[in-house]
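Q: For reference, the sequence and a predicted model appear below.
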Amino acid sequence: MVEKSRTEHSVRNTTAAMVSKIVAVLMGFATRVVFTHTLSESYVGVNGLFSDLLNVLALSELGVGTAITYALYRPIAEGDTEKQKSLMQLYCFFYRIVAGIVLVAGLAVIPFMDLLIKNQPDIDHLILIYLMYLANSVLSYLLIYKKTLIDAHQLSYLGEVYQMTAILIQDVFQIILLLTTHNFILFLVVYMICTVGNNVAISRKANQLYPYLKDKNIQPLPKEEKKGIFKNIRAMLMHKIGDVVVNNTDNLLLSSIVGIISVGCYSNYYLIIGSIHQLMSQVFRGITASVGNLGVTENPERVKRIFESSFFVGQWLYGFAAICLCELLNPFVEVSFGEQYVFPMSVVVILCANFLITGMRQATLVFRDSLGLFWFDRYKSLASALLNLMISILLARQYGTAGVFGGTIISTILTSFWVEPWILYRHSLKAKVRMYFIRYAMYISVIGIAWGLTHMICVSFHGTPWQLIGKRLIPCIFVPNVIFLICYFRTSEFGFLWQKAKGIWNQWRGGRRG
């Protein structure tokens, strides 16, 4: 019964997350197209730069969310509402501090704006624009912390519905304002209003589902439990610093070394690649709380089997997506944003390789965080961040844009690629990590073969960007998936997932008949 419940929660959460993300991707893309055609390249670059800058400042969140979510899994499984109340009170306290830190740190950046932007563009009210981005970031920490409790109860689909509604409203109004006024300030006003509205709506829903959140009689956490949470927060701070440096400093390096126009080009590619990554990652986000429940109720062998199946799903999804992106990105960017925004193919290959490597880590990261293993590889993130900065800066001076992204790949391979699975297998799955790397090598080999065959077909086509998209789409969809199916349909992971899928299908049909 417990397993059935976890499966149903995972399917519902994943489905809602996928639908929500598809809507967000489509609306975000439409907004971006209008944005690039109604405002100058400088506005496109500033938008990407300020977004990344505030992601860097957000490292003050310290990973509190991940640590508190992990701490909630056991009291939720045991029905301990008093412990949940105590944890949420601590969470609220942390997030109010974080909001203040982000505000102060954000204001402190203003005097150094000239250093961050090479060849500063002629944009009116640049500081006001930055302050609006900062205000939106600060506001995002207020009330939204209650969504964590909903997610930990395996009901994350509710938050996805609210977020999808907010995104629809936001993007529709932003498109209308851009087309009618070309005013970037009004564009940001809508952004801020929708952020606050979404936070208020999800907070009210949490209060409705869990009335005890409004109780005033809350017992403080025992000293030992607080000590454990603070320990996890320290570990997550190191992870947060590493992740931010590796993933959110590319625009800062491009702006300071290459120029703001390059940031604008990358922002368009990042919109597409990042959107696909977010869409794919919803598969794993939907199972996060279920993995947390699994970890406190099942034995390591069962957890290992679920992990290997999740890893298998991840390599299939991200392998297929990487191949499609590599073959379709440039004609798609040219059609959508203009030829001036197109990167050389060498840069596109590096971006897609980074996308694949990052994607194949998702299963490991979800299990690491849901099982509370972030303390053991805390130094890995700092090492990865330091390597990424040094290598990216060195390569950027010689290879420009390609060097920035090449440094990210190299630093990831030297650290996260092997440390994360080693920690997971050693401290939770209680098995040798050798089989993980054997599987990884097999998966990469199959993806490489599928990629090579698909590319051979795609480069034989010629025509306009629209024609290239149309001609390449069919081989991109069918060639990789046919090869994957031929290679994997006899594997235990494929069989396990096939049986799960049939069970869910039969339950759904039975429910409809009933």
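A: Nice, I can see it. Worth saying up front: this structure is predicted, and the values here are computed from it rather than measured. Numbering: from 1, shown residues only.
Q: what sits against the residue nearest to the spatial centre of the chain?
A: Residue closest to the mean C-alpha point of the chain, counted by C-alpha atoms, centre = their mean, is residue 278 at 5.0 Å. By C-beta atoms under 8 Å, 6 or more residues apart in numbering, the residues touching residue 278 are 21, 24-25. Any C-beta I mention is one placed from the backbone N, CA and C, and that applies to glycine too.
Q: Any of the residues you listed buried? List them.
A: The neighbour-count test (16 or more other C-beta atoms under 10 Å) applied to the contacts of residue 278 identifies 21, 24-25 as buried.
Q: want to try TSV for those, with secondary structure, pLDDT and distance to residue 160 as columns?
A: Below are these laid out as TSV (DSSP: H, G, I helix; E, B strand; the rest coil; pLDDT from 0 to 100; distance: C-beta to C-beta, whole Å):
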residue	secondary structure	pLDDT	distance to residue 160
21	helix	73	8
24	helix	79	10
25	helix	76	13
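Q: Figure out how far whichever helix or strand the residue nearest to the centre of the chain is part of is from the centre of its chain.
A: Using DSSP states H and E, residue 278 sits within helix 260-285. Remark: helix 260-285 is offset 9 Å from the chain centroid, using C-alpha atoms, centre = their mean, to the nearest Å.
Q: follow-up on the earlier one: just give me the closest of the buried ones among the contacts of residue 278 to residue 343.
A: Within the buried ones among the contacts of residue 278, the smallest distance to residue 343 is 20.2 Å, found for residue 25 (C-beta to C-beta).
Q: Could you tell me the phi and psi values at residue 343?
A: Listed backbone geometry of residue 343 is phi -90, psi 160, with angles given as degrees, to the nearest 10.
Q: How about the one 4 residues further on?
A: Listed backbone geometry of residue 347 is phi -70, psi -40, with angles given as degrees, to the nearest 10.
Q: Excluding covalently adjacent residues, which one is nearest to it?
A: residue 402 (4.9 Å; C-beta to C-beta, 6 or more residues apart in numbering).
Q: Kindly reformat the buried ones among the contacts of residue 278 as a markdown table containing distance to residue 436.
A: As requested, the buried ones among the contacts of residue 278 are exported to a markdown table (distance: C-beta to C-beta, whole Å):
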| residue | distance to residue 436 |
| --- | --- |
| 21 | 28 |
| 24 | 32 |
| 25 | 31 |
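Q: neighbours around residue 399, how many?
A: 16 (other C-beta atoms under 10 Å).
Q: thinking again about what came up before, how near is the residue nearest to residue 347 to residue 87?
A: 45 Å (C-beta to C-beta, to the nearest Å).
Q: So between those two, which is more surrounded?
A: Shown here are residue 402 and residue 87; by other C-beta under 10 Å, residue 87 has more neighbours (25 against 19).
Q: Quick check: which element contains that one?
A: Counting by DSSP H and E, residue 87 is part of helix 81-109.
Q: For the very next helix or strand once past that helix, C-alpha coordinates in PDB please.
A: As assigned by DSSP H and E, the chain's next helix or strand after helix 81-109 is helix 113-116. C-alpha atoms of helix 113-116 as PDB (Å, rounded to 0.1, in the frame of the first residue of the first chain):
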ATOM      1  CA  MET A 113      28.200  48.100 -11.600                       C
ATOM      2  CA  ASP A 114      30.800  49.500 -14.000                       C
ATOM      3  CA  LEU A 115      33.100  46.600 -13.300                       C
ATOM      4  CA  LEU A 116      30.400  44.000 -14.100                       C
END
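Q: and the helix or strand just after helix 113-116, what does it pack onto?
A: The helix or strand immediately downstream of helix 113-116 is helix 126-139, counting by DSSP H and E. Contacts defined by 3 or more C-beta pairs under 8 Å, 6 or more residues apart in numbering; DSSP states H and E place helix 126-139 against helix 41-57, helix 81-109, helix 113-116, helix 184-209.
Q: make it 6 Å
A: The contact analysis (3 or more C-beta pairs under 6 Å, 6 or more residues apart in numbering; DSSP states H and E) places helix 126-139 against helix 41-57, helix 81-109, helix 184-209.
Q: among the ones you listed, which is nearest residue 448?
A: Per C-beta to C-beta, nearest to residue 448 of those: helix 41-57, 31.0 Å.
Q: that older thread, just tell me which of the helices and strands packed on helix 126-139 ends up closest to residue 307.
A: Across these, residue 307 has its closest neighbour in helix 81-109 (26.1 Å, C-beta to C-beta).
Q: what's the angle from the closest one to helix 184-209?
A: Orientation of helix 81-109 against helix 184-209 (axes from the mean of the first three to the mean of the last three C-alpha atoms, to 10 degrees) gives an angle of 170 degrees.
Q: hang on, isn't residue 18 packed against residue 281?
A: No: the pair residue 18 / residue 281 is not scored as a contact, 10.2 Å apart, by C-beta atoms under 6 Å.
Q: show me where the stretch 251-400 of the chain has helices.
A: For the stretch 251-400 of the chain, the helices defined by DSSP state H, counting those that start in this stretch occupy 260-285, 288-297, 300-337, 345-359, 362-370, 378-399.
Q: Please identify the deepest-packed of these.
A: helix 362-370 (a mean of 23; mean count of other C-beta atoms under 10 Å).
Q: Give me the pLDDT for the spatially closest residue to residue 491 that is not a sequence neighbour.
A: Spatial nearest neighbour of residue 491, excluding adjacent residues (C-beta to C-beta, 6+ apart): residue 312 at 7.5 Å. Looking at residue 312, its pLDDT reads 94.
Q: Report the separation between residue 312 and residue 361.
A: 14 Å.
Q: One more: residue 409?
A: Taking C-beta to C-beta, one finds residue 409 at 12 Å from residue 361.
Q: Equivalent analysis for residue 177, please.
A: Taken as C-beta to C-beta, the span from residue 177 to residue 361 is 38 Å.
Q: Next: residue 455.
A: If you go by C-beta to C-beta, the gap between residue 455 and residue 361 works out to 24 Å.
Q: same thing with residue 300?
A: 21 Å.
Q: same check, this time on residue 390
A: 21 Å.
Q: Residue 387 now?
A: In terms of C-beta to C-beta, residue 387 sits 16 Å off from residue 361.
Q: Same question for residue 50.
A: Counting by C-beta to C-beta, the gap from residue 50 to residue 361 is 27 Å.
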